[in-house]
Structure formats: structure tokens, C-alpha cells
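K.L.:
turn this into a model:
(one chain, ligands or ions: 3)
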Amino acid sequence: TTFVSGRVIVTHDSKTSTWHCPCIDGKFSCTHKATAKWHLFEKMPKMFETAKIPKEDFTCDEAEDIGSITDEAAERMIKYLISHKKIPAQLPETLVTSSRDAKALSGFPKHLIPSEDACTECGQHALGEPQLISATAKILTLSGLVTGISTYRKTCLNCDMVYRYQDWQDGVHNFDDHLLLSIHLCLLLRNALQTHTSVGRIIEIIELTERESFPNKDRILQAYLSFEGLTDHDYLYACDSCGYHPAVVVMGVHNEGVFSLPVSEIPNPPQNYNGEVNAHSFWEAVTMEVISHGLYPPGCRNPFVVEPTYHNWSPWIGPHTRHSDILLNTESEKVCMPDLSDGVDQYLTKEQLADEVLNLKLSEIKKLCKKCGIDGRGSKLDLVRRLRDEMDSSAIYNQVFKKLRGASGGWAVITCPCGVVYSLKFNLRAERPSDFADLLLSWKIFPNITVYDNASGLVSHINERCPQDTPFAIHEGTLLDHTAENIRQAAEHNLKVNLPWLKRRKQPEDVGGHPVTGSAEHYCLSDNFHQSNNKQNSDILRHIEIVPELAETLNSQCAEQLFADMRKNNYFLNRLTLSAHMFLQRNIMHNYNVRKNTRAKEYM
Ligand SMILES: [Zn+2]
Ligand SMILES: [Zn+2]
Ligand SMILES: [Zn+2]
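P.N.:
Ligands and ions are numbered 1, 2, ... in the order given. Model (predicted):
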């Protein structure tokens, strides 16, 4: 069946009961498919009665037993790989070229044997003979597959430590002893992600061009993630020109980075949880997970998977910008106040939501109807159709949204005026000013100027949270005292407040002044762009246009541009597991920062 939605052609294969749209691959939903499905639901409901659930390609039972190791051995191996086998962030040019040409020149070694001869764990004991793990391993390259590769492991006869082949110097990245990627392909995938092209799309391009069929795409994505996991990125998250402590920051939330995560599935934090998390250990665990997928076949219980919890869920702030490894995360305080009224944009159409409701069990849908005060009798389709029709009411839309998406809050982002990302926080729940407060209060040095849509909300939150030492002690972080005269002048665009230290360091500097500006003043301002969001009169005294030094240089649309770019990644990010999504987002933003810094250098 073919359906034309706008200019996009959506097709339905009734044999496999799958939907296809050129805008997204596989079984994942998009607006076009949702619209098409709803259209066909109305026209030919019969078609859907026999709908089947598509089968997973690969399961645990089919996995080979050879090479499976205990959880303890896996942990030792992963830790060893992280400490001894890291791939340099800057790979030598010659290595990349030879990896690129190796397929054509038959340059890849056929037998991949670990290079270790002695055990590093128990004091130089000799290792046993190499054991063959697979004689049919494949190397994926940009020009197709290299097959018939043999992979081996070695085991320490003394302490049982297992060594596998992981020598990037040969131009290959070993994922799971069966699937390997050429280093050149890994770099290509990295750049593809920078241009908002998913790993799946690149693989499809190669398959079409080479007329070959590659292994499962999700597995290839995991293989790529393990490459990034083993790459020695510094994740500095800092701009070369603004340094580790920028004086001016722009904050925003990328609301659409939302997953299907029912809130009820996140356990409540322990009673004594103090709202702090160790960023170093958390991100190490996420990195270990990413590498562990190469040791556990898909569908197997993997003890390294990091499940989302309020008390073990960490933002990322660069190592020199943060106060210490201990960061604030007070999200659990949101648990008692589920409120969707502000901060959440309605970005999913009611058709898309209805489409997702269909995946729920009938009993769940009945419960949802009851919550929304909608008649719960009839077939699944009747109920979903009824819900869809009522979703024009935002109360009902929010109920449904909350049920499906757990009202997770997307990414809170802090950038410098150049648009380099300094902090990322993935919110499990809808965004609040407290998320930005968590980030800023985890910084070593509080910036002089903070630009944020909900400036007054942030200031009142911080003033309440730190009554003794709030950075916004003077007229609530506005530029001037809230007199009627000041507000009138600002409204008439006649108000100017010079902050010369933004251009030339203050002399003599204030006590406790910012290292860049020498000033100890703190303002929480808003961009002209979002004027309409501001509710209080005095908020007009937060306009960045009042400060000539800012109006000239601050392009807060940098953040808007960044979010527009991030939105283009939704189609592949939003269907990863939460921890993989976190890992990949932090990685993509890091590579984005590196690119921004390099480009800035080239202009100088
Ligand atoms: Zn589509
Ligand atoms: Zn040993
Ligand atoms: Zn900068």
C-alpha cells in the first residue's frame, strides 16, 4: 500500500506488516508514517487487525558459546582495554590512509592475534597459546566487507586474565571478535554524525553501492560506539578563546531529546540522597557499558548497562571548568511535583502520539482513558481513536505525552558566546531552572553574565537555594534597580548600561572578581529574542540590548543554531538506550567543539 503524505511517499508492506518512509529507516516512527497510518486506519481498519510484531534479528540463544566469559573476566578485560588500548584522538595520517586502502591492497592481516606476550595483571607471566575465536569474522570498510578473518584470544595461565585482539595500529577496530570496523570507516562515521547522518544511512549507502548485505545495523552502531569509547578523547568542553572559565554564558534547553521512558520505571532515590553525583565514575561506567556490548551478544543479560536513576545520573562539565568530580543533580526533587505546564513544547503531533499509544497493552490504554476521563469501552482502535480526537485539549495531550515519554526534559546546554558547548545535562524530567542551577553551581567560577530565557525563574531559584551567598544578591541580577523610571526608559529602548570590563579587565579588580574580567558582578539576562516569555515588569531590565558591550558581540542565536543542529540528530539518537544516547550525545558535542575550535584557529 502506498500513501502520499505531503510530498513524501510512505509504503506499507502487508506481508511483513512494516512501514517505510524515506525520511527514517526501519521500524521507527515519523510524522509521515503516523499520518499515513491514521489515514488508513480510517479507510481500511481490517488491514490492521492482523498486524504482527516484527521479530528481532538476533537473539541470545543463537549466540555462539565460544568466547563467552564470566562477568568478572569481562570487567577485567574492559578495564584493561581502557587503560592500555586507548586509540589516540588524533590518528596518524598514514594510518588512516593505509586503513582506507587496505581492502583493495589486501593489507589487513588475516589472523588477528593479540600482541600481548606476557600478563600485565599478575607480573609478566607468559600467556597460553592463542585460541581461535572465529574464523569467519568480517571487517567492514567503506568499500564493502573483508571476510574470512580469524580472531584469537590469549589467556594467562596463572591468573586467567583474557586478552583479545585490540590493535588499532593495524587500521582495524575489533568490536566483538566477529565484527570489526576499519579505522577509516570509524572516522567516516564520526564525520557523518557531525553532518546529522546516521550510521544506519551510511551503511545503507555502502550496501547499495557494493551490493552487499552488512550485519545488523544496531550492532554496527554499537561497534562504532565502542570505537568512540576506546578513543582517548579529553572531553575538555572548552572554547580556545574563552578559556575554561567564560565570563559570559548562554543557556538553553534542547527539548526534543526525549525518550520513551515511563517515569514510573525510574526508581525513587534513596532517602538520604544528597543531590550529588560523581561525574568521573558515572561517565566511566557509561564508557564501560559501551565497550561491554562487544562481549555480550545482543539480548543477553549485560551487567554493565547503566540504568537511569535519579541518584546516579550525571551531567557533563569539562574537567577544568567544574569545581570537582562531584556535580550537583537535584532532579529527584522534581519527583514530588510533576508539572508539565511550562518548558515542554508540543512537538509531537497527536497522530504521532496516538500511534505510540497503539503499542501499549489494552489494559494500559484503558487506564490512560480513565485518567483522561474518556469512555474506556470498545476495541483498542476505538480507544486510541477517541484519545486522538480529544488530544486537542492540552490537558489530555499532556496526560498522554507523560504516559508515553515520562515527561523527560531533554538536554540542558551551556555554551560560550562563540557557541562552544561547556556543559550538558540530560534531564530525566521536564526542564526547570534548577537544572541550570545544578550546572552553574557545579562550576568552579560563576560567570559574570548568564543569558537564559527564564532569567527571573533561575534567579529566584538560586536565591532560595543559596540564601547566604547567592551570586545574584544585587537587584536580583538585573542591570539596574527596579525603579519605575528605569523600567520606563528600558521599555522605550533609551536605557544603556556600560560594562566596560567585558572588553578590558577591571583595574583594580574586585575582591573575588572573575579571572577574565576582574569584576565580581553577576547578571542574569535575557535575549531580545525571547522577550515575550518574560512575565515580570522588571525583567525588561534584563535585556542584553541594554549593555552595548553585549549587544555588539553576543550572538545568543549561536545556541539557537546549535539546537537546530541537534534537532537534526533526533531521528537516530532518540531510539538508542538512555545510556548510549548520553554517551553518543556527549561524544558528538565534543567532536563538534573540536571542530569549532579548529575552525576558529584557521580564521586567526
Ligand atoms: Zn517520514
Ligand atoms: Zn596473569
Ligand atoms: Zn568562546
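K.L.:
mean confidence for the helix or strand Ser83 falls within?
P.N.:
Under the criterion of DSSP states H and E, Ser83 resides in helix 71-84. Mean per-residue pLDDT for helix 71-84: 96.
K.L.:
so which elements touch it?
P.N.:
strand 162-164, helix 279-292 (3 or more CB pairs under 8 Å, 6 or more residues apart in numbering; DSSP states H and E). Heads up, the C-betas are built off the backbone N, CA and C, glycines and all.
K.L.:
most tightly surrounded among those?
P.N.:
Most buried of these by mean neighbour count (mean count of other CB atoms under 10 Å) is strand 162-164; its value is a mean of 23.
K.L.:
hmm, back to that, show the subsequent helix or strand relative to the helix holding Ser83.
P.N.:
Trace forward from helix 71-84 with DSSP H and E and the next one is helix 93-101.
K.L.:
give me the buried positions along that following helix.
P.N.:
Leu95, Val96, Ser98, Ser99, Arg100 (16 or more other CB atoms under 10 Å).
K.L.:
show the pLDDT at the residue lying farthest from the centre of the chain.
P.N.:
No residue in the chain sits farther from the centre than Glu485, which is 45.7 Å out by CA atoms, centre = their mean. In this model, Glu485 is scored at 94, pLDDT.
K.L.:
including distance to Gln507 and mean pLDDT, could the helices and strands packed on helix 71-84 go into CSV?
P.N.:
Listed next are the helices and strands packed on helix 71-84 as CSV, based on distance: least, CB to CB, whole Å; pLDDT from 0 to 100:
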stretch, distance to Gln507, mean pLDDT
strand 162-164, 60, 96
helix 279-292, 36, 96
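K.L.:
what's the closest of those to ligand 3?
P.N.:
Ligand 3 sits nearest to helix 279-292 of all these, at 21.9 Å, using CB to the ion.
K.L.:
show me the contact partners of the closest one.
P.N.:
74-75, 78-79, 81-82, 222, 225-226, 228-230, 235, 302, 304-306, 312-317, 322, 325-327, 579-580, 582-583, 586 (CB atoms under 8 Å, 6 or more residues apart in numbering).
K.L.:
so for the helix or strand following that helix, mean pLDDT?
P.N.:
Under the assignment DSSP H and E, the closest C-terminal helix or strand after helix 279-292 is strand 316-317. For strand 316-317, the mean per-residue pLDDT is 98.
K.L.:
strand 316-317 packs against which elements?
P.N.:
With contacts defined as 3+ CB pairs under 8 Å, 6+ apart, strand 316-317 has these neighbours: helix 279-292, strand 421-427.
K.L.:
want to try CSV for these, with distance to Leu360 as columns?
P.N.:
Formatted as CSV, these follow (distance: least, CB to CB, whole Å):
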stretch, distance to Leu360
helix 279-292, 28
strand 421-427, 24
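K.L.:
helix 279-292 and the helix holding Ser83, what's the angle between them?
P.N.:
For helix 71-84 against helix 279-292, the angle by axes from the mean of the first three to the mean of the last three CA atoms, to 10 degrees is 110 degrees.
K.L.:
now helix 71-84: buried residues?
P.N.:
Across helix 71-84, burial judged by 16+ other CB under 10 Å covers Ala74, Glu75, Arg76, Met77, Ile78, Tyr80, Leu81, Ile82.
K.L.:
thought the first one was touching Gly294?
P.N.:
No. The pair formed by Ala74 and Gly294 falls short of the contact definition of CB atoms under 8 Å, at 9.7 Å.
K.L.:
quick one on the thing from earlier: output the helices and strands packed on helix 71-84 in JSON lines; the columns should cover distance to ligand 1.
P.N.:
Formatted as JSON lines, the helices and strands packed on helix 71-84 follow (distance: least, CB to the ion, whole Å):
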{"stretch": "strand 162-164", "distance to ligand 1": "41"}
{"stretch": "helix 279-292", "distance to ligand 1": "29"}
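K.L.:
select, out of those, the one closest to ligand 2.
P.N.:
With distances scored as CB to the ion, the stretch of the helices and strands packed on helix 71-84 nearest to ligand 2 is strand 162-164 (9.5 Å).
K.L.:
returning to that earlier point: got a list of contacts for the helix holding Ser83?
P.N.:
Taking contacts as CB under 8 Å, 6+ apart, the residues outside helix 71-84 that touch it are 69, 120-121, 160-164, 166, 230, 284, 287-288, 291-292, 295-296, 303-304.
K.L.:
at 10 Å instead, please
P.N.:
With CB atoms under 10 Å, 6 or more residues apart in numbering as the test, helix 71-84 has contacts from 68-70, 85, 116, 120-121, 153, 155, 159-164, 166, 174, 226, 229-230, 232, 284, 287-292, 294-296, 301-304.
K.L.:
now the buried members of these.
P.N.:
Buried by 16+ other CB under 10 Å: 69, 85, 116, 121, 153, 155, 161-164, 166, 174, 226, 229-230, 287-292, 294-296, 304, out of the contacts of helix 71-84.
K.L.:
and the helix ranked longest in the chain with strand 421-427, angle?
P.N.:
Longest helix in the chain by number of residues (criterion: DSSP state H): helix 578-603. For helix 578-603 against strand 421-427, the angle by the same axes, to 10 degrees is 160 degrees.
K.L.:
would you mark the buried spots in helix 578-603?
P.N.:
578-594, 596-597.
K.L.:
again, but for stretch 323-339
P.N.:
Going by neighbour count (16+ other CB under 10 Å), the buried part of stretch 323-339 is Asp325, Leu327, Leu328, Asn329, Thr330, Glu331, Ser332, Lys334.
K.L.:
contacting residues for the closest residue to the fifth one other than its chain neighbours?
P.N.:
Counting by CB to CB, 6 or more residues apart in numbering, Gly275 is the residue found nearest to Thr330 once chain neighbours are left out, at 4.3 Å. Shown in contact with Gly275 (CB under 10 Å, 6+ apart): Pro269, Tyr310, His311, Leu327, Leu328, Asn329, Thr330, Glu331, Ser332, Glu333, Ser434, Asp438.
K.L.:
what domains does the record give for this protein?
P.N.:
Annotated domains of the chain cover 2-47, 73-230, 248-339+409-593, 350-404 [automatic domain parsing].
K.L.:
near ligand 3, which residues of the stretch 151-300 of the chain show up?
P.N.:
Listed as neighbours of ligand 3 in the stretch 151-300 of the chain under the rule CB under 5 Å from the ion: Cys239, Ser241, Cys242.
K.L.:
thank you kindly, that will do.
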